[in-house]
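Asker: from the sequence below, what's the structure:
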Amino acid sequence: MGLLDNMKARLGPAKGKVSDLAQRHEDKIQHGLDKAAQVVDKRTKGKYSDRIRSGTGKAKGAMDRLAHKDDSGPGAGGPAPSPGAGGTMPPDTGRTAPPRDAGGAPPPDAPPPIS
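Answerer: Predicted coordinates:
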């Protein structure tokens, strides 16, 4: 048995425990990610809002994959949508970020981003 196989065998039970914790505490984890993003965005005075939104989306996507959420429900089996593609606004707005064109610019009729 190789080193990699040995490590996989030892980490298997830990992954199951972490996955279970991610499923049970999903709302707390999501809230913590949103709160951390808001604090960083506020301290950087909105200068890196798009990057913060993208990173938060990727972190939430990774947490969802860890909790095995991407292998259930409609469309299971295909690749999960990219969590950083659209991004989300801070949790208190309840809105999603406006769609962007291929160059990354919002459409002309989109509302200005909230900072």
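
Asker: pLDDT weak spots in this structure?
Answerer: Scanning the chain with the threshold set as pLDDT under 70 gives 1, 69-115.

Asker: buried sites along the longest helix along it?
Answerer: Assignment by DSSP state H gives helix 3-24 as the longest helix of the chain. With burial defined by 16 or more other Cβ atoms under 10 Å, the residues of helix 3-24 counted as buried are residue 22. In short, each C-beta sits where N, CA and C put it, glycine included.

Asker: residues in contact with that helix?
Answerer: With contact meaning Cβ atoms under 8 Å, 6 or more residues apart in numbering, helix 3-24 is reached by 1, 29, 63, 66, 67, 68.

Asker: residue 29 contacts residue 63, doesn't it?
Answerer: Yes. Residue 29 lies in contact with residue 63 (Cβ atoms under 8 Å); the separation is 5.6 Å.

Asker: which stretches in the chain count as helices?
Answerer: 3-24, 26-43, 49-66.

Asker: what's the distance between residue 37 and residue 59?
Answerer: In this structure, residue 37 and residue 59 are 9 Å apart, going by Cβ to Cβ, to the nearest Å.

Asker: so those two - more neighbours on which side?
Answerer: Remark: of residue 37 and residue 59, residue 37 carries more neighbours, 21 against 18, as counted by other Cβ atoms under 10 Å.

Asker: was I right about that one contacting residue 51?
Answerer: No. Applying Cβ under 8 Å, one finds residue 37 not in contact with residue 51, separated by 10.2 Å.

Asker: and for residue 54, the neighbour number?
Answerer: Counted with other Cβ under 10 Å, residues neighbouring residue 54 total 18.

Asker: how close does it get to residue 29?
Answerer: With distances taken as Cβ to Cβ, residue 54 is found 18 Å from residue 29.
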